[in-house]
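S.K.: I would like the atomic coordinates for the input below:
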Amino acid sequence: MSSSPQIAKHFREVFTGGNWTAVNLKDSLANVDWQQATTKVHNLNTIAALVFHINYYISAVLKVLQGESLKASDKYSFDLQPIHSEDEWQKLVSKVFEDAELFAQKIESLDDKKLFEEFEDPKYGNYYRNFLGIIEHTHYHLGQIVLIRKIINEPK
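M.R.: This next block holds a predicted model:
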């Protein structure tokens, strides 16, 4: 069996469900409105900032899979433009899910040999490492989103 489709499946599951954790981004954001998404809790990032941050790396690696060079820097990964409406929030969420599906499709179509080729620069390791890292990264921040949402929704 080919590994690329399995990695793509695992990636999709953190976004739309079916993974071991039984938590996914789609369900976790389903009832979050723009005001909740932009609510600052203690010194934590907002839900919107975390959603943007998750997608920042997916978008950057997606561009590489589409033939472009890697243009990303950690220092810009939380540079979300202010959100002032439900429409702006929904546009961000839609972009995240559109990019995620394109990303999964690109992974799915890769020959398994590509998985173990160097990704852009030796310091980043191979494609496989980057794909699994993005899945782990998404799960990590998904946990934060779930906790922040619980705090925001606590009865006063």
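
S.K.: biggest helix in this protein, by residue count?
M.R.: helix 127-152 (DSSP state H).

S.K.: That helix - contacts with which helices or strands?
M.R.: helix 3-16, helix 25-29, helix 47-65, helix 112-115 (3 or more Cβ pairs under 8 Å, 6 or more residues apart in numbering; DSSP states H and E). Every C-beta, even on glycine, is put in place using the N, C-alpha and C of the backbone.

S.K.: Can you tell me which residue sits nearest the middle of the protein?
M.R.: In the chain, the centroid-proximal residue (Cα atoms, centre = their mean) is I54; its distance is 3.5 Å.

S.K.: Provide the count of other residues in contact range of P155.
M.R.: Neighbourhood size, P155 [other Cβ atoms under 10 Å]: 3.

S.K.: How about T16?
M.R.: 16.

S.K.: ok, it to F131 distance?
M.R.: To F131, T16 is 17 Å away according to Cβ to Cβ, to the nearest Å.

S.K.: quick one on the thing from earlier: with P155 as the reference, name the closest of the helices and strands packed on helix 127-152.
M.R.: P155 lies closest to helix 47-65 among the helices and strands packed on helix 127-152, at 18.9 Å (Cβ to Cβ).

S.K.: what angle do that closest one and helix 3-16 make?
M.R.: 160 degrees (axes from the mean of the first three to the mean of the last three Cα atoms, to 10 degrees).

S.K.: what's helix 47-65 packed up against?
M.R.: Helix 47-65 packs on helix 25-29, helix 34-37, helix 86-108, helix 127-152, going by 3+ Cβ pairs under 8 Å, 6+ apart.

S.K.: mind redoing it with 10 Å?
M.R.: Judged by 3 or more Cβ pairs under 10 Å, 6 or more residues apart in numbering; DSSP states H and E, helix 47-65 is in contact with helix 3-16, helix 25-29, helix 34-37, helix 86-108, helix 127-152.
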